[in-house]
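Asker: structure, please.
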Amino acid sequence: MAKHAIHAVINCAAYTAVDKAESEENTAYKINATAVKNLAESALRNRIFLIHISTDYVFDGNHTQPYRTEDCTHPISAYGRTKLAGEHYILDSDIRAAIIRTSWLYSSFGHNFVKTMLRLGNERHEISVVADQFGAPTYAADLANVCLKMIAQSQKITKPEIFHYANTGVISWADFAAKIMELAHLNCIVKPIKTSDYPTAAVRPKYSVFDLSKIQTAFNLEIPEWDRSLEVCLGRILAT
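Answerer: Sure thing, here's the model as predicted:
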């Protein structure tokens, strides 16, 4: 790193197969924790500012008010446990670092909820989506812009700190799916169901809403509403 005069690193790498992690926790730990420990040690040696992307899964989802950065963590899945372990390796170090917890991340690239809904909306007349898990989607392009702004103002961070970032608003997965169908002009009905009607290997937090005030104030951010960012993302996807 020193050879190439690197001043900042954004760690986007993670084991994110949430259900598979239940049977592959050791592998998930190596990627979500051990690799983060190694990265933090390298950043310390080379005096590099580190941004690490974490997750709402470090919480159990039992809150009824937006989670603050200082709230107690309590992961209820292997994925959440391994991501929290990665956070601890950073927090226990002496590096300058920003841990950004985010939720419901999607983009115009790769595999994610938005692209899956678009595919299903073109294939089916009706789909069932969980309506009793609540949170806020995060458009990856918005998160990327925040990372760049934090790097430009990295002098504000002198030790490892936690921040929360998502687009503004509170919705269910069913609300999210319905809005995707509406904006994409797909004739597909979204049928709301309970989490118990859609069992998965990993337990999901039922409430993943963040208090965004810390990051908003610290870096003077204007955080877009979730539906506005979704519209931008869909415009890029549907234009290709």
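Asker: hey, let's count contacts and neighbours off CA atoms from now on
Answerer: OK.
Asker: which residues of the chain fall in strands?
Answerer: 8-11, 49-55, 97-102, 105-106, 126-130, 134-135, 138-139, 161-164, 171-172, 189-193, 207-208 (DSSP state E).
Asker: highest mean neighbour count out of those strands?
Answerer: strand 207-208 (a mean of 28; mean count of other Cα atoms under 10 Å).
Asker: which helices and strands sit right next to it?
Answerer: With contacts taken as 3 or more Cα pairs under 8 Å, 6 or more residues apart in numbering; DSSP states H and E, strand 207-208 sits against strand 134-135.
Asker: state the mean pLDDT of the strand it packs on.
Answerer: Average pLDDT, strand 134-135: 98.
Asker: ditto for stretch 4-20
Answerer: Average pLDDT, stretch 4-20: 93.
Asker: next one: stretch 224-231
Answerer: For stretch 224-231, the mean pLDDT works out to 98.
Asker: that older thread, format the strands of the chain as CSV; extra columns: distance to residue 148.
Answerer: Shown next, in CSV, are the strands of the chain (distance: least, Cα to Cα, whole Å):
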stretch, distance to residue 148
strand 8-11, 9
strand 49-55, 10
strand 97-102, 12
strand 105-106, 17
strand 126-130, 34
strand 134-135, 24
strand 138-139, 15
strand 161-164, 14
strand 171-172, 27
strand 189-193, 36
strand 207-208, 24
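Asker: those: which one's closest to residue 71?
Answerer: Judged by Cα to Cα, the one of these that comes nearest to residue 71 is strand 161-164, at 10.9 Å.
Asker: packing partners for that closest one?
Answerer: By 3+ Cα pairs under 8 Å, 6+ apart, strand 161-164 packs against strand 97-102, helix 213-218.
Asker: quick one: strands adjacent to that strand?
Answerer: Its sheet considered, strand 161-164 pairs with strand 97-102 (parallel) by DSSP bridges.
Asker: and the partner strand, how far from the chain's centre?
Answerer: Centre-to-centre, strand 97-102 and its host chain are 10 Å apart (Cα atoms, centre = their mean, to the nearest Å).
Asker: repeat that for stretch 182-197.
Answerer: The answer for stretch 182-197 is 22 Å, by Cα atoms, centre = their mean.
Asker: tally of neighbours for the closest residue to residue 94 other than its chain neighbours?
Answerer: Leaving out its chain neighbours, the residue that sits closest to residue 94 by Cα to Cα, 6 or more residues apart in numbering is residue 159, at 6.5 Å. Residue 159 has 15 neighbours, counted by other Cα atoms under 10 Å.
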